[in-house]
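In: For reference, the sequence and a predicted model appear below.
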Amino acid sequence: MKRRFKDIVAFASGRLFLIFVNALALLIFCGLLLKAAPILQTVSLTDLLFSSVWHPMKHQFGLFPFIVSTLAVTLLAMLMAIPVCLFASIYLAEYASRRFREVSRLIIDILAGIPSVIYGLCGILVIVPFVAVVGEYLGVSTTGYSLLAGGLVLAVMVIPFIIAISVEVLRMIPGPFRESALALGATKWETVKYVVLKKAAKGLVAAVVLGFARAFGETMAVLMVVGNVAQAPSSIFDPAYPLPALIANNYGEVMSIPLYDAALMSAALILMTVVALFSLTAHYALSRLGDHND
Amino acid sequence: MNRRKLEENFFKFLMALSLGLVFLALAGIILIVLIKGLSSLSWSMIFETPKGGYYLGGEGGIANAIVGSLYLVAGATVLALIISLPVALALQKEYLGKRFADITRLVLDILWGTPSIVYGAFGFVVMVWLGLRASLLGGIIVLTLLMIPIMTRAMDEAVRLVPYELKEMAYAMGTTRFETTLAVVLRQAFPGVCTGVILAVGRGIGDAASILFTAGYTDEIPRSLFDPVASLPLAVFFQSGTPVPEVQARAFTAALILLVIVLVINIVARLLGWRFSKNIVR
């Protein structure tokens, strides 16, 4: 009887913690929503999202420059990261020996675990001057603290993350698919191109989507190299000001201006919502990857 | 025939190039931090707190940040473990229907992807509501929230890998679910659980955005849970933003210390997994 009692207590407490974890997501979302709500009573949603006027002192809160900056820096990073990730993960999954794959896996895990401030620090030292030199060469005036610098740093950061998932996805494609293509006389690359990539397409897209979500919310590394000027950038050599950087730079001193914190909370809410939607998409694409019946 | 071979070699070259770039990035980062960081690394950097004029190039060190980071992560790891382990175990199919388990895993994935700046903003809201100022306690709470999904997902993977036949054997001898969990599942999943904890520690110690408003920054080593606390990632961030070259160099020293801690954590996680997996039935 005592054993049975213990089992029931364990069961109940397990449930309690489970409910807590599920409630946590809801709590974060509702907490941000509650704090962001006051802004919508003064500023309309379209103004908040699409107005370019950012004057917190005058109660004008247009998040448009920040949203554009976030999208631009993320897309730029993904554009640079995707080809590298694709080729590197094909090599690791299809060509590399088991030993080499395991060593590479370790290296990639280490890269993925490096704190973002360190990426930012190296970005300031290497990438910012590099961008300045390239800009000078092309005849553009730039300090180097720019959209391009942010994109480059972000690309280096998400590459190991995307590769790790992509290799897993490629390794999940059953061997017989490859063998039948090879038996028909296809070269290894042709097998990859016509069979493996086709089978893995959904999973690879999911990997990229997860990488996008990760890059979208990355704060410190981007903040350190992107320039932080509150206007929509018109070229990749212009400084930009993504949403996470906006929150990080201003949250300390918002208390003196009414509604300022509500505006920043709405920025956090946008970040969380977008990232959650992307995670959701990737989660479903990856969870259905197991079955290869078609 | 020749063209096909050419195509094969061309793409192989692209692959080698891509992978080379990735390895180069890691080597570059480690070399830069090592070379720049060693130049102002000294015993006083590690064991002293900042003295007067430190941020203008004066005497002192970053012991406040090192100890602060350790305090923050130690507290958050204990709290996150207390919550994560029961959740991972309760996700077993003996305890939970498939539907609820799937939803929980989805929620954990979403939490796992949520940017740390969002945790920071939410943590700040909670702290204002509780009447807390930026403090060790605030930092610990936010880091705990950040670490829960990482830990739980890793532990869940480990628990799920325990063969069901093994549990059935225990059940056949008349054990309850709780006894089986303790005696069979936990023992089998132990390496995975350790790896999960260590990975979460690695993420937690390097995260700056979440503790930016919640932990604060100070030159003192905190004496109570309600004192503000310095941390290594923020030491890197703040020192890199100053115009004084000596202080900027110290940002690299702080980065070097942080990088060494993270690398050691990563390697220990892998060695542990390998060492303990010898006694595992698969």
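Out: Structure received.

In: Could you find the closest non-adjacent residue to A:N22?
Out: B:V107 (5.2 Å; C-beta to C-beta, 6 or more residues apart in numbering or on different chains). For the C-beta atoms, the positions are set from N, CA and C on the backbone; glycine is no exception.

In: residues in contact with that neighbour?
Out: Contact analysis of B:V107 by C-beta atoms under 8 Å, 6 or more residues apart in numbering or on different chains lists A:V21, A:N22, A:A25.

In: Helix or strand for the second one, just tell me which one.
Out: Secondary structure assignment for A:N22, by DSSP states H and E: helix A:2-42.

In: how far is that helix from where the chain is centred?
Out: Relative to its parent chain, helix A:2-42 has a centroid offset of 25 Å by C-alpha atoms, centre = their mean, to the nearest Å.

In: biggest helix in chain B, by residue count?
Out: Secondary structure of chain B per DSSP state H: the longest helix is helix B:2-38.

In: What helices and strands are in contact with that helix?
Out: Contact partners of helix B:2-38 among helices and strands, from 3 or more C-beta pairs under 8 Å, 6 or more residues apart in numbering or on different chains; DSSP states H and E: helix A:64-90, helix A:98-113, helix A:116-122, helix A:147-171, helix A:188-191, helix B:245-276.

In: following the fifth one, which helix or strand comes up?
Out: The one in question is helix A:188-191. Next element after helix A:188-191 (DSSP H and E): helix A:197-217.

In: distance of B:N2 from A:V192?
Out: 20 Å (C-beta to C-beta, to the nearest Å).

In: These two: which has the busier surroundings?
Out: Using other C-beta atoms under 10 Å in any protein chain shown, the more surrounded residue of B:N2 and A:V192 is A:V192, with 24 against 6.

In: my guess is that one contacts A:A93, does it?
Out: No: the pair A:V192 and A:A93 does not pass the contact test of C-beta atoms under 8 Å, sitting 9.0 Å apart.

In: what about the residue in the stretch 151-294 of chain A that chain B sits nearest to, neighbour count?
Out: Nearest to chain B, among the residues of the stretch 151-294 of chain A, is A:G217, at 2.4 Å (C-beta to the nearest C-beta). A:G217 has 25 neighbouring residues, counting by other C-beta under 10 Å.

In: Correct me if wrong: it contacts B:P115.
Out: Yes: using C-beta under 8 Å, A:G217 is in contact with B:P115, at 2.4 Å.

In: So for the two, which residues contact both of them?
Out: What both A:G217 and B:P115 touch, as defined by C-beta under 8 Å, 6+ apart, is the set A:P244, A:L271, A:V275.

In: In helices, which of those residues appear?
Out: Going by DSSP H, the helices hold A:P244, A:L271, A:V275 from the shared contacts of A:G217 and B:P115.

In: filter those residues down to the ones close to chain B.
Out: A:P244, A:L271, A:V275 (C-beta under 8 Å from any C-beta of the partner chain).

In: Tell me who's in contact with the second one.
Out: So the one you mean is A:L271. With C-beta under 8 Å, 6+ apart, A:L271 has these contacts: A:F216, A:G217, A:L243, A:P244, A:I247, B:P115, B:I117, B:V118.

In: now, which of these sits nearest A:L264?
Out: A:L264 lies nearest to A:I247 out of these, by C-beta to C-beta, at 5.2 Å.

In: Mind giving me the packing neighbours of the helix or strand hosting that closest one?
Out: Using DSSP H and E, A:I247 maps to helix A:243-250. For helix A:243-250, the elements it packs on are helix A:64-90, helix A:220-225, helix A:260-287, helix B:116-130, judged by 3+ C-beta pairs under 8 Å, 6+ apart.

In: closest to A:P176 out of those helices?
Out: Per C-beta to C-beta, nearest to A:P176 of these: helix A:64-90, 18.9 Å.

In: Give the buried residues for the closest one.
Out: Buried residues in helix A:64-90, counted by 16 or more other C-beta atoms under 10 Å in any protein chain shown: A:64-70, A:72-74, A:76-78, A:80-82, A:84-90.

In: Which among the helices and strands packed on helix A:243-250 is found nearest to A:G14?
Out: A:G14 lies closest to helix A:260-287 among the helices and strands packed on helix A:243-250, at 23.1 Å (C-beta to C-beta).

In: Show me what the mean pLDDT comes to for that closest one.
Out: Regarding helix A:260-287, the rounded mean pLDDT is 88.

In: if I read this right, A:F61 contacts A:L259, doesn't it?
Out: Yes: using C-beta under 8 Å, A:F61 is in contact with A:L259, at 7.1 Å.

In: who has more neighbours, the two?
Out: Neighbour count, other C-beta under 10 Å: between A:F61 and A:L259, A:F61 has more, with 22 against 16.

In: Find the closest residue to chain A in the stretch 1-150 of chain B.
Out: B:P115 (2.4 Å).
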